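# kindly generate the corresponding structure for this input.
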Amino acid sequence: MSARGGGSSHAEVTESEQSLSAILFVNDLSCPCTREECRDAQKILQTLKEDSSNRVHFESIDYELQHEKAKPLMEKFGVIDVPVLVVFDGDRILWKCKDFSDENAVRARFEESIR
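Reported below is the predicted structural model:
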């Protein structure tokens with residue numbers, strides 16, 4: 001009966017590593033201004049992913065193209081407009097970013113939120 005112990009330290013490490021997530025909600029079928037903002041946000045997300053993929057699970061979801069997946073998550077996190085990046089730990093929102101005009105500011109705030 002080996003189901004009793006063992007593996008708890010591995011589960012703790014895995015749980016802490018896996019609990020931090022970031023979802024970028026975009027809409028590539030929207031007006032040109034929003035599409036441009038979404039593309040800027042996706043570029044920033046890519047750099048965040050390159051720097052932090054070992055600590056944070058990243059995902060990008062297109063509201064129009066993945067509506068069935070996007071809608072419940074947007075409701076859960078109170079997302080109305082796109083693009084928006086939601087950084088969360090389990091069900092707890094750590095940060096929501098709606099302004100991608102300053103990549104350095106986004107990167108700094110992201111790093112601060114995942115500490």
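
# so Glu75 is in which element?
helix 67-77 (DSSP states H and E).

# send me the helix or strand just after that helix as PDB with only the CA atoms.
Using DSSP H and E, the helix or strand that follows helix 67-77 towards the C-terminus is strand 84-89. Only the C-alpha atoms of strand 84-89 are listed here, as PDB (Å, rounded to 0.1, in the frame of the first residue of the first chain):
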ATOM      1  CA  VAL A  84      -6.100  42.400 -21.800                       C
ATOM      2  CA  LEU A  85      -3.500  40.200 -20.000                       C
ATOM      3  CA  VAL A  86      -4.700  38.500 -16.800                       C
ATOM      4  CA  VAL A  87      -2.000  37.100 -14.500                       C
ATOM      5  CA  PHE A  88      -3.400  34.800 -11.800                       C
ATOM      6  CA  ASP A  89      -2.500  32.300  -9.200                       C
END
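
# strands paired with the helix or strand following strand 84-89, and their directions?
Next in sequence after strand 84-89, counting helices and strands by DSSP H and E, comes strand 92-97. Using DSSP bridges, the strands paired with strand 92-97 are strand 84-89 (antiparallel).

# circling back: how about the helix holding Glu75: buried residues?
For helix 67-77, burial by neighbour count (16 or more other C-beta atoms under 10 Å) applies to 70, 73-74. (Glycine included, C-beta is placed from N, CA and C.)

# off-centre distance for it?
13 Å (C-alpha atoms, centre = their mean, to the nearest Å).

# sounds good, over and out.
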